[in-house]
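Enquirer: what shape does this take:
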Amino acid sequence: MTRNEETEGSEATGDTGIELGFLLGLGFQLLIGEFTRRLDAAGYGDLRPAHGMAFQVLKGGGATGTELGERLGVTKQAAGQLVDDLEKRGYVRREPHPGGGRRKLVVLTPAAEEHLAVAGRVLHELEAELGTRVDLPALRRELTGLLRALGGDGELPPLRPVWH
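Expert: The predicted model follows:
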């Protein structure tokens, strides 16, 4: 088979020949980049994707610094620095842990809750726009199948802001 015949066959099936890891990484990069630009335009230029991931861990009942670090895949010290930074910005506060002791519970402030609401709207708008060009339900099914093939049928692991 000639190179042209290989290329034509790939195009007919929609296979670009680009490595899967590269496509997934580039897709994530472009999606998060556009999402971040839109959040910046909405007045949240002081926050980055890692902050949003921390908010996702903390929403609901909060978490200790250790729990936050475990969920984000970072050290306790890195989680503490993130909490310090978010506390200075007014997005989280430390409260006594309901279980007592010296532990502190890190909880979201109303400013963080407002950010989550805006971020949710921005993400849904972005997905709606993408849905006019891509079959998002099919893409979600295929990506979920890929994740299950890689990680098993249990709960999906948390998305972490670091590369291992």
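Enquirer: quick check: closest non-adjacent residue to L58.
Expert: L108 (5.2 Å; Cβ to Cβ, 6 or more residues apart in numbering). Any C-beta I mention is one placed from the backbone N, CA and C, and that applies to glycine too.
Enquirer: repeat for L82
Expert: Nearest to L82 is A54, by Cβ to Cβ, 6+ apart, at 5.8 Å.
Enquirer: correct me if wrong: the one you found contacts G69.
Expert: No. Here A54 does not reach G69: they are 10.0 Å apart, not a contact under Cβ atoms under 8 Å.
Enquirer: so which of the two has more stuff around it?
Expert: Between A54 and G69, counted using other Cβ atoms under 10 Å, the more crowded position is A54 (28 against 21).
Enquirer: other residues contacting the helix or strand the more buried one falls within?
Expert: Element membership for A54 (DSSP states H and E) is helix 49-58. By Cβ atoms under 8 Å, 6 or more residues apart in numbering, the surrounding residues in contact with helix 49-58 are 32, 35-36, 63, 67-68, 71-72, 82-83, 86, 91-92, 106-108, 112, 115-116, 119, 158-161.
Enquirer: again, 6 Å this time
Expert: 32, 63, 68, 71, 82, 106, 108, 112, 116, 161 (Cβ atoms under 6 Å, 6 or more residues apart in numbering).
Enquirer: kindly report the same for stretch 72-83.
Expert: With contacts defined as Cβ under 6 Å, 6+ apart, stretch 72-83 is touched by 54, 65-66, 68-69, 106, 160, 162.
Enquirer: got it, and stretch 113-124?
Expert: Contacts for stretch 113-124 (Cβ under 6 Å, 6+ apart): 38-39, 42, 44, 55.
Enquirer: so for that stretch, mean pLDDT?
Expert: For stretch 113-124, mean pLDDT is 95.
Enquirer: list the buried residues in it.
Expert: Under the neighbour-count criterion of 16 or more other Cβ atoms under 10 Å, stretch 113-124 has 115-116, 119, 122 buried.
Enquirer: G17: which of the contacts of stretch 113-124 is nearest?
Expert: Nearest to G17 among these, counting by Cβ to Cβ, is R38 at 31.5 Å.
Enquirer: residues in contact with that closest one?
Expert: R38 touches V122, counting by Cβ under 6 Å, 6+ apart.
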